[in-house]
Each structure stands twice: as structure tokens, then as C-alpha cells.
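K.L.:
Predicted model, plus sequence, below.
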Amino acid sequence: MLENIQVHCPYCGEDFDTVLDCSAGSQHYIEDCAVCCHPIEFQAEVDGDGNLITLTTRREDD
């Protein structure tokens, strides 16, 4: 199940849209900001039914 989400970049402070594949379960991955291109660490927690519970973003250098 693909879910469109809006993310706030921890580097430039801009919001951008991205897509998360909730059918893959909980995951940790890095995606570049669509505005400033800095790498953002994503930590997604997904329940057993494929519903997004939480999505945490942080700077890669934190």
C-alpha cells in the first residue's frame, strides 16, 4: 500500500511530498530532500495491517 506523505526537511525547513510503501512494513531508509538535496534519515513504523503509525525524520549528521 503506497501512502503519500508530507515531510518537513530538518535541513532547509521546507515541506515536500514523498511516497512510502507501507506494505514493506516498518523500515529505516535515507531519502534526499526534494528541495535542498540533503540526505534525510526516515524511520517508519507500520502495523501488521500496513497502516503507518509513526514517521520520524532526522538529519543524517545527528
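P.N.:
Received, thanks.
K.L.:
going forward, measure contacts and count neighbours with C-alpha atoms only.
P.N.:
Will do.
K.L.:
tell me the strands in the chain, going along the chain?
P.N.:
2-8, 15-21, 27-32, 39-46, 52-59 (DSSP state E).
K.L.:
tell me the most buried of those?
P.N.:
strand 39-46 (a mean of 18; mean count of other Cα atoms under 10 Å).
K.L.:
Go ahead and name everything in contact with that one.
P.N.:
For strand 39-46, the surrounding residues in contact (Cα atoms under 8 Å, 6 or more residues apart in numbering) are 9-10, 22, 25-33, 52-60.
K.L.:
now the angle from it to strand 15-21?
P.N.:
Angle between the axes of strand 39-46 and strand 15-21 is 50 degrees (criterion: axes from the mean of the first three to the mean of the last three Cα atoms, to 10 degrees).
K.L.:
so how far is strand 39-46 from its chain's centroid?
P.N.:
4 Å (Cα atoms, centre = their mean, to the nearest Å).
K.L.:
do the same with stretch 1-15
P.N.:
A distance of 6 Å separates the centroid of the chain from that of stretch 1-15, by Cα atoms, centre = their mean.
K.L.:
Pull up the distance across that stretch, start to finish.
P.N.:
22 Å (Cα to Cα, to the nearest Å).
K.L.:
Report the beta-bridge partners for Asn4.
P.N.:
Per DSSP bridges, the residues bridged to Asn4 are Val19.
K.L.:
Contacts only, for it.
P.N.:
Asn4 neighbours (Cα under 8 Å, 6+ apart): Asp17, Thr18, Val19, Leu20.
K.L.:
Glu14 versus the last one, what's the distance?
P.N.:
Leu20 sits 19 Å away from Glu14 when distances are taken as Cα to Cα.
K.L.:
got it, and Asp49?
P.N.:
For Asp49 relative to Glu14 (Cα to Cα), the value is 31 Å.
K.L.:
Quick one: residues contacting the closest residue to Glu45 other than its chain neighbours.
P.N.:
Among residues not flanking Glu45 along the chain, Ser26 sits closest, at 4.5 Å (Cα to Cα, 6 or more residues apart in numbering). Applying Cα under 8 Å, 6+ apart to Ser26 gives the contacts Gln43, Ala44, Glu45, Val46, Asp47.
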